[in-house]
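J.: below is the sequence, then the predicted model.
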Amino acid sequence: MKLLVVSLVAAASASSNHTAVYGVHPPGLGAGVFSGLSNMQQCLFALVLDAKRHPGGGAAISLPSLRWRGSWSKAASGSRYVPHEQVWSLDGWSSQLPPLVDALPTIVDGNKFRTEPLFRKYNQYISLLRKRPRYARDAADEALDASFVPTAPILARADRLATELGLTNNNYGCLHARMEKDLYRNFMGHKMRSLGLLNFARLARGLRQRTELSGVDRVFVAIDAAHITNDTRKGLGRGAWRGVPFVYKRPISPEAKGPSSPVENTLLADAIVDRTLCVRAKWFVGWPGSTFSNQITLSRHYALGTNASNNYYYNARGVFPRLDDGRLIRDAYDRRERPGQKSVTLDRCDEEMRHTRLLAVLLPQLCSIAAGLVATTSRRRGHVACRASADDEFVRNAWATCKANLPAIVTGAWDESAGDDEPGGALANLALVRLPLLALLAYYTQYLALDGSPLIVDFGFDDVPQVVPPGVVWTIFGLLLLPIL
């Protein structure tokens, strides 16, 4: 339901030529899994697009409503929201964007201006760009990216960190290693782990194989060092090349991140510091399944141009040049580099999707058929089309032969008298359900054993295919084939 809110600063609103003022629904940008820096940037872009397209010449944006989540922690002390002007310099706000006004929104729509709907709107925009690689971005994209100039305290922290880590001469590379522990709790992380994408030592080897990246003094690693595994920490200590160490930002102590701490000590500022150093770097390597990496790729694309941006991405095969502007994620999992291929090509993930699409389509259908026929046979109901009559000796003999020569997992006859009262239904269950299920199980087993990857299914609600853990697949097959139900 749309609620009208009277502006408390009527003079400020009247001073602009915009009768409508858009704003983010309280408490501000960032909610749930959309609390990262890049997610909030993308939500703001969606709000800018809405404001630009408002009938009558566009709408203004309420500055008081622009509040950024300082932390994505569930702890109350870390969940405070920070005013926009404490995070980003207002002097950097482009004149090509809807004006910021010091007034509350005149239109507040909870179904439109919350974080989740704004992110969905941005996802529609970026999905269109992914489908059309040559489709130009909206002009507001570049204008907003240029507006993300950190405030003086955050910029000073980035400069101090650059001095501490020896990054002042800009002769350093940057690696965004998306390997934090939160990935170990979701399907995307399961897929990444199965392909070695959470193995820092493997990523470092891929980095070393790119000889053009070696002429740097240091490699800055953008990673949340407070939430990494011991293996990743050991890999960070080994260095990139001989004499070229990995350097990274040390976590701020909990005492420095209290509810009254300055904005430069928030997790939001941590991400902005990483972003600042990554944009300044001589080259940048990131995982294309990360919105953070994609936003940095976009910023470097605007700041340096495609040919000079020196952007790369990594996946299970190694490290490769990135020629897009941060829109493509198809190569997030795997890719074979092809000589002379300049555009981003179909990756192994797409190949896996083709191989497993049959599984994804047939498995639910077979489950439905199997459930119906198992219930029919077990309850001795006469709803099978090919049911034989009681005096049909041929059908009875065929069923008896199958039981005598085939294992029970094929026939489903787990006791001597199983199916004898309805041999036609039992044969139908064998031919139409159990044999296809066993063939599907054999295909899945050899695929899992030879390829080493689980079932990947695109459910259509996310750009990243989801992994169905092997345990879930085995459980489904077990329920259908063994005498459990």
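T.: The structure has been received and is ready for your questions. Residues are numbered from 1 along each chain as shown.

J.: list the contacts for the spatially closest residue to G92 that is not a sequence neighbour?
T.: Nearest residue to G92, sequence neighbours excluded (Cβ to Cβ, 6 or more residues apart in numbering): V149, at 3.5 Å. From N, CA and C alone the C-beta is placed, and that goes for glycine too. Counting by Cβ atoms under 8 Å, 6 or more residues apart in numbering, V149 makes contact with W88, S89, D91, G92.

J.: can you select the buried ones among those for me in PyMOL?
T.: PyMOL command restricting the contacts of V149 to the buried ones, with burial defined by 16 or more other Cβ atoms under 10 Å:
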select buried, resi 88+89
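
J.: which of the contacts of V149 fall within strands?
T.: Using DSSP state E, no member of the contacts of V149 sits in strands.

J.: how does the protein divide up, domain by domain?
T.: The record's domain parsing of the chain by automatic domain parsing lists 2-147, 152-345, 351-481.

J.: just send those back as TSV, with mean pLDDT too.
T.: Below are those laid out as TSV (pLDDT from 0 to 100):
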stretch	mean pLDDT
domain 2-147	82
domain 152-345	85
domain 351-481	70
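
J.: picking up where we left off before, adding distance to M40, write the contacts of V149 out as a markdown table.
T.: A markdown table is the format used below for the contacts of V149 (distance: Cβ to Cβ, whole Å):
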| residue | distance to M40 |
| --- | --- |
| W88 | 11 |
| S89 | 17 |
| D91 | 20 |
| G92 | 16 |
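
J.: find the pair from the contacts of V149 with maximum spatial separation.
T.: W88 and D91 (9.6 Å; Cβ to Cβ).

J.: returning to that earlier point: closest one of the contacts of V149 to A201?
T.: Comparing the contacts of V149 against A201 with Cβ to Cβ places W88 closest, at 37.1 Å.

J.: wait, isn't I329 in contact with N294?
T.: Yes: with contacts counted by Cβ atoms under 8 Å, I329 reaches N294, the gap being 7.3 Å.

J.: how near is the residue nearest to P117 when sequence neighbours are not counted to I61?
T.: Leaving out its chain neighbours, the residue that sits closest to P117 by Cβ to Cβ, 6+ apart is N111, at 6.3 Å. Going from N111 to I61 by Cβ to Cβ, to the nearest Å gives 18 Å.

J.: cool, and V221?
T.: For V221 relative to I61 (Cβ to Cβ), the value is 35 Å.

J.: try T266
T.: On the measure of Cβ to Cβ, T266 and I61 end up 23 Å apart.

J.: for those two, indicate the residue with more neighbours.
T.: In this view T266 and I61 are compared by other Cβ atoms under 10 Å, and I61 has more residues nearby, 27 against 24.

J.: isn't that one right next to V101, touching?
T.: Yes: when contacts are counted by Cβ under 8 Å, I61 is listed as touching V101 (7.2 Å).

J.: joint contacts of the two?
T.: Shared contacts of I61 and V101, defined by Cβ under 8 Å, 6+ apart, comprise V21.

J.: SS state for L323?
T.: With DSSP: H, G, I helix; E, B strand; the rest coil as the basis, L323 sits in coil.

J.: give me the phi and psi angles of it.
T.: When read as degrees, to the nearest 10, the backbone of L323 gives phi -110, psi 0.

J.: tally of neighbours for it?
T.: If you count neighbours by other Cβ under 10 Å, L323 ends up with 15.

J.: try D324
T.: D324, neighbours per other Cβ under 10 Å, totals 22.

J.: equivalent analysis for Y125, please.
T.: 17.

J.: these two touch, right, it and C43?
T.: No: using Cβ under 8 Å, Y125 is not in contact with C43, being 11.5 Å away.

J.: list the buried residues for stretch 57-76?
T.: In stretch 57-76, counting by 16+ other Cβ under 10 Å, buried: 58-72.

J.: looking at those, which are in strands?
T.: Using DSSP E, these in strands are A60, I61, S62, R67, W68, R69.

J.: looking at these, spot the one nearest R134.
T.: Once Cβ to Cβ is applied, the member of those that ends up nearest R134 is I61, at 30.3 Å.

J.: dump the residue contacts of that closest one.
T.: Contacts of I61 by Cβ under 8 Å, 6+ apart are V21, Y22, G23, L47, V48, A51, L97, P98, P99, L100, V101.

J.: next one: V273
T.: I154, R157, A158, L161, K249.

J.: Three-state assignment for it, please.
T.: Applying three-state DSSP: V273 is helix.

J.: distance of it from E393?
T.: According to Cβ to Cβ, V273 and E393 sit 83 Å apart.

J.: helices of the stretch 251-400 of the chain, start to end?
T.: Taking DSSP state H, counting those that start in this stretch, the helices of the stretch 251-400 of the chain run over residues 267-280, 291-304, 348-379, 393-405.

J.: name the residues of the shortest one that are buried.
T.: Translated: helix 393-405. For helix 393-405, burial by neighbour count (16+ other Cβ under 10 Å) applies to V395, R396, A398, W399, C402, K403.

J.: let me know the closest of those to E116.
T.: Checking the buried residues of helix 393-405 against E116 with Cβ to Cβ, the nearest one is C402 at 54.5 Å.

J.: which residue packs closest to that closest one, ignoring adjacent ones?
T.: Nearest non-adjacent residue to C402, counting by Cβ to Cβ, 6+ apart: T411, 5.4 Å away.

J.: which parts of the stretch 101-250 of the chain are strands?
T.: Secondary structure of the stretch 101-250 of the chain (DSSP state E, counting those that start in this stretch): strands at 107-109, 172-176, 218-222, 246-248.

J.: in CSV, list the ones you listed along with mean neighbour count.
T.: As requested, the strands of the stretch 101-250 of the chain are exported to CSV (neighbours: other Cβ atoms under 10 Å):
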stretch, mean neighbour count
strand 107-109, 18
strand 172-176, 25
strand 218-222, 25
strand 246-248, 21
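
J.: out of the ones you listed, which gets nearest to W283?
T.: Closest approach to W283 among the strands of the stretch 101-250 of the chain is made by strand 172-176 (4.8 Å; Cβ to Cβ).
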